[in-house]
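Sequence first, then the predicted structure:
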Amino acid sequence: MKSTWKYILTLTIGLTAVLGIMMTAFSLPAVNSGINKVPIGIVATNDEVYQRLAKPLKEKGFKVTEYTSAKQVKQSINQREIYGALSVDAAGNLTVYEATAASAAVAQTLTQLGNSIVSQQKAVGTKQINKLIAQTTDINTVKALNQKATQLNAKTAKIIEVKAFPKEDPKGTGLAAGALPIALGGWIGAVAIANMVKGKKEKFWAVISFAIIGGLGLVGVIQYGIGTFDGNYFLTSLGAMLGIAATGFFVLGILEVIGTPGLAIAAILLILLGNPLSGLSSAPEMLPAGWGAFGQLLPPGATGTLLRNITFFDGNAIAQPLTVLITYVLVGMLLFKIGKKSEL
């Protein structure tokens, strides 16, 4: 039986819609990426200094919190409350606290901000010194002012790395590139199990086995092959196992309920949307408003955040990604249980 023109037209319209979603998901976040409520801290000697620093940062899109000490800043970075901080002491010296392991993109932005602030300090200070030199004829005063100008020109922002990636992968490229394998690998694995394994119980245990072995293998590659991770291998692997199980059971459940059309639904959610919106290459707060938060509700984003926080941040701030992934596992299991496709 030949396909009708109506069927062909419907199919091509549907494929065009998928292409549109793909283009939007990959291009729009990249074009509109920037600072969207990225949480950072400021340590200042008084409120005037704080406000002078905070106002332009807020205008740039940062979410700014005031801290009283470097110890508080480091604690908040480790607890994943902020990505970094700027600190100004009584002498006007600037220190940048950053965590490349939290986001290499945000760390780079903070470094640039610190250097920019120091450059502004130099410009203002140099102007004041030149004005004073022009107003005096005392040789000793001029000598002292020139010495001060030299010290000012040598001034730089001090960078303190609070949480870094291992030296084998200092920019965390392995983790940033991991969003697609997490999404695509889980999808392919679930589809293969759905089509090649016979029997409902057998499919269920095949996903469990895939999650366990796949989790160990995924973290093994990232940690020992690429060198991005340096934490507890087995704890990190547990996070990867949960991420693979979330994807696997979700795909298997959809296929069990609606059959082949479920492949498209799963691909859109996990690959076309989940990969670019994961925030692994930058940070969720550097994606357009709302997109980053949505990406954290999809398995690739939640898995990436879970692995990052287990490995580098002592397991802090893992409640949300755990909840998201466990929900996908449970919903997937429920759909798999009530679905009847395997029995047809």
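Thanks, I have it.

I'd like the next helix or strand past the longest helix anywhere in the chain.
As assigned by DSSP state H, the longest helix anywhere in the chain is helix 104-134. Sequence-wise, the next helix or strand downstream of helix 104-134 (DSSP states H and E) is helix 139-153.

Keeping just the C-alphas, turn that next one into PDB.
Taking C-alpha atoms only, helix 139-153 is exported to PDB below (Å, rounded to 0.1, in the frame of the first residue of the first chain):
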ATOM      1  CA  ILE A 139      60.700  67.900  44.200                       C
ATOM      2  CA  ASN A 140      60.300  65.500  47.100                       C
ATOM      3  CA  THR A 141      56.500  65.600  46.800                       C
ATOM      4  CA  VAL A 142      56.700  65.000  43.000                       C
ATOM      5  CA  LYS A 143      59.100  62.100  43.700                       C
ATOM      6  CA  ALA A 144      56.700  60.500  46.200                       C
ATOM      7  CA  LEU A 145      53.800  60.900  43.900                       C
ATOM      8  CA  ASN A 146      55.700  59.300  41.000                       C
ATOM      9  CA  GLN A 147      56.600  56.400  43.300                       C
ATOM     10  CA  LYS A 148      52.900  56.100  44.200                       C
ATOM     11  CA  ALA A 149      52.000  56.100  40.500                       C
ATOM     12  CA  THR A 150      54.400  53.300  39.800                       C
ATOM     13  CA  GLN A 151      52.900  51.200  42.600                       C
ATOM     14  CA  LEU A 152      49.500  51.900  41.300                       C
ATOM     15  CA  ASN A 153      50.400  50.800  37.700                       C
END
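
Contacts for it, please.
Q121, K122, G125, T126, I129, N130, L132, I133, T136 (C-beta atoms under 8 Å, 6 or more residues apart in numbering). For every residue, glycine as well, the C-beta is placed using N, CA and C.

what do you get for stretch 191-211?
Here stretch 191-211 has contacts from 189-190, 241-242, 244-245, 248-249, 251-252, 255-256, 263, 336, 342-343, using C-beta under 8 Å, 6+ apart.

Buried only: go through the residues you listed for me.
When the contacts of stretch 191-211 are checked for burial by 16 or more other C-beta atoms under 10 Å, the buried set is 189-190, 241-242, 244-245, 248-249, 251-252, 255-256, 263, 336, 342.

from the residues you listed, which is closest to T45?
Nearest to T45 among these: L242, at 45.1 Å, using C-beta to C-beta.

I'd assumed the closest one was in a helix, is it?
Yes. Counting by DSSP: H, G, I helix; E, B strand; the rest coil, L242 is part of a helix.

Which stretches in the chain count as helices?
Under DSSP H, the chain gives helices at 5-31, 47-60, 70-78, 104-134, 139-153, 173-176, 179-196, 200-220, 233-258, 261-267, 291-295, 299-312, 319-338.

In TSV, list these along with distance to K37.
Below are the helices of the chain laid out as TSV (distance: least, C-beta to C-beta, whole Å):
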stretch	distance to K37
helix 5-31	15
helix 47-60	10
helix 70-78	16
helix 104-134	12
helix 139-153	34
helix 173-176	21
helix 179-196	21
helix 200-220	31
helix 233-258	26
helix 261-267	30
helix 291-295	9
helix 299-312	16
helix 319-338	16
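
and of those, who's closest to K163?
Between the helices of the chain, helix 299-312 lies closest to K163; by C-beta to C-beta that is 5.4 Å.

tell me the domain ranges of the chain?
Following automatic domain parsing, the chain resolves into domains at 38-161, 170-343.

Which of the ones you listed sits closest to T4?
That would be domain 170-343 among the domains of the chain, by C-beta to C-beta, at 18.5 Å.

how far does the closest one sit from the chain's center?
15 Å (C-alpha atoms, centre = their mean, to the nearest Å).

Repeat that for stretch 91-98.
25 Å.

C-alpha coordinates for it, PDB please?
Output in PDB follows, covering the C-alpha atoms of stretch 91-98 (Å, rounded to 0.1, in the frame of the first residue of the first chain):
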ATOM      1  CA  ALA A  91      43.600  49.700  50.900                       C
ATOM      2  CA  GLY A  92      41.500  49.200  47.900                       C
ATOM      3  CA  ASN A  93      43.100  45.900  46.900                       C
ATOM      4  CA  LEU A  94      40.800  43.600  44.900                       C
ATOM      5  CA  THR A  95      40.600  39.900  45.300                       C
ATOM      6  CA  VAL A  96      38.500  37.600  43.100                       C
ATOM      7  CA  TYR A  97      37.300  34.300  44.500                       C
ATOM      8  CA  GLU A  98      36.100  31.900  41.800                       C
END
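
Give me the contacts around it.
The contact list for stretch 91-98 (C-beta under 8 Å, 6+ apart) reads 41, 70, 73-74, 77, 83-89, 106-107, 110-111, 113-114, 117-118, 121, 155, 157-162.

Same check on stretch 173-188?
Contacts for stretch 173-188 (C-beta under 8 Å, 6+ apart): 104, 165, 214, 218, 222, 226-229, 243-244, 246-248, 251, 266-267, 270-271, 274-276, 278, 280-281, 299-301, 303-304, 307-308.

what do you get if the cut-off is 6 Å, keeping everything else the same?
222, 226, 228, 244, 247-248, 251, 266, 270-271, 274-275, 278, 280-281, 300, 303-304 (C-beta atoms under 6 Å, 6 or more residues apart in numbering).

repeat for stretch 298-312
So stretch 298-312 is contacted by 101, 163, 179, 182-183, 229, 231, 235-236, 239, 243, 246-247, 274-275, 278-280, 295-296, 317-318, 321, 324-325, 328 (C-beta under 6 Å, 6+ apart).
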